[in-house]
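In: A predicted structure for the sequence below; I have some questions about it.
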Amino acid sequence: QKEVEQNSGPLSVPEGAIASLNCTYSDRGSQSFFWYRQYSGKSPELIMFIYSNGDKEDGRFTAQLNKASQYVSLLIRDSQPSDSATYLCAVNMEYGNKLVFGAGTILRVKS
Amino acid sequence: EAGVVQSPRYKIIEKKQPVAFWCNPISGHNTLYWYRQNLGQGPELLIRYENEEAVDDSQLPKDRFSAERLKGVDSTLKIQPAELGDSAVYLCASSPEGRGGNYGYTFGSGTRLTVV
């Protein structure tokens, strides 16, 4: 089992729709969770982080965390073509001060 | 504030040749990370420094890879000799000491290595 798993996609949504990106992780002791956005040919850019169960909202982005289910998600409301990118889920495993990344989900927003 | 600076941006070398990548972290960031990202995959940690000490190098292929961080600022990652499978993007990231795991960290623009 991979430490951080994501559906590779691509996930295609129409402009203005809600995009839902999901991630599961293996280490039950993990405490902090991150979403990075990566445009083609660019480096990852941090967009959200979450520590506590529940929802955290920042503009059009909402991160959701369920530690009991070892599940974290990212919702993007009113999706725009500029949101088209690969979204990487990253988890700070309990055993070290480092982030372990999933393989990423490709999101395509069609206008 | 300047971000994490990496050079070169691109590098093409023949197999068995040596190659080196350079990283200058954000000023004041004591923790420095080198990651490797293969096509279609997420970044994978190679080595983590706290100041000048390599505190996690368990994923660094030590037979051909080496890294140093003299004076706890700039860092260099070297491959000698390079193999075809080393073709990837090498990313450097930094964070304030002990905070990367809690607040995430900032990546540099990366070095895209192609071994032919």
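Out: Here it is on my side, so go on.
In: could you use CA atoms for every contact and neighbour count after this?
Out: Fine.
In: any idea what residue 35 is bridged to?
Out: The chain I'm using is chain A. Note on A:Trp35: beta-bridge partners by DSSP bridges are A:Met48, A:Cys89.
In: not quite, go with chain B.
Out: B:Leu45, B:Leu91.
In: and the gap between it and B:Gly3?
Out: 17 Å (Cα to Cα, to the nearest Å).
In: which one of the two has more residues nearby?
Out: Legend: neighbour count by other Cα atoms under 10 Å in any protein chain shown for B:Tyr35 and B:Gly3, higher for B:Tyr35 (21 against 15).
In: for chain A, list the residues in contact with chain B, please.
Out: Applying Cα under 8 Å from any Cα of the partner chain, we find that chain A lies next to chain B at A:32, A:34, A:42-46, A:49, A:88, A:92, A:96-104.
In: weed out the non-buried ones from those residues.
Out: Taking 16 or more other Cα atoms under 10 Å in any protein chain shown as the criterion, what is buried in those is A:32, A:34, A:43-46, A:49, A:88, A:92, A:97-104.
In: and the closest residue to chain B within chain A, helix, strand or coil?
Out: Sorted by distance to chain B under Cα to the nearest Cα, the residues of chain A start with A:Ala103, at 4.1 Å. Classification of A:Ala103 by DSSP: H, G, I helix; E, B strand; the rest coil places it in coil.
In: list the contacts of it.
Out: Residues in contact with A:Ala103 (Cα atoms under 8 Å, 6 or more residues apart in numbering or on different chains) are A:Val4, A:Glu5, A:Gln6, A:Ser8, A:Leu88, A:Cys89, B:Gly40, B:Gln41, B:Gly42, B:Pro43.
In: got a winner among these for most neighbours?
Out: Neighbour tally across the contacts of A:Ala103 (other Cα under 10 Å): the maximum, 32 neighbours, falls on A:Cys89.
In: is it true that it touches A:Ser32?
Out: No. Assessed by Cα atoms under 8 Å, A:Cys89 is found out of contact with A:Ser32, at 11.0 Å.
In: show me the contacts for residue 89.
Out: Since you didn't name a chain, this refers to chain A. Contacts of A:Cys89 (Cα under 8 Å, 6+ apart): A:Val4, A:Gln6, A:Cys23, A:Phe33, A:Phe34, A:Trp35, A:Tyr36, A:Phe101, A:Gly102, A:Ala103, A:Gly104.
In: hmm, I had chain B in mind actually
Out: Applying Cα under 8 Å, 6+ apart, we find B:Val89 in contact with B:Arg36, B:Gln37, B:Asn38, B:Gly110, B:Thr111, B:Arg112, B:Leu113.
In: sweet, I'm off.
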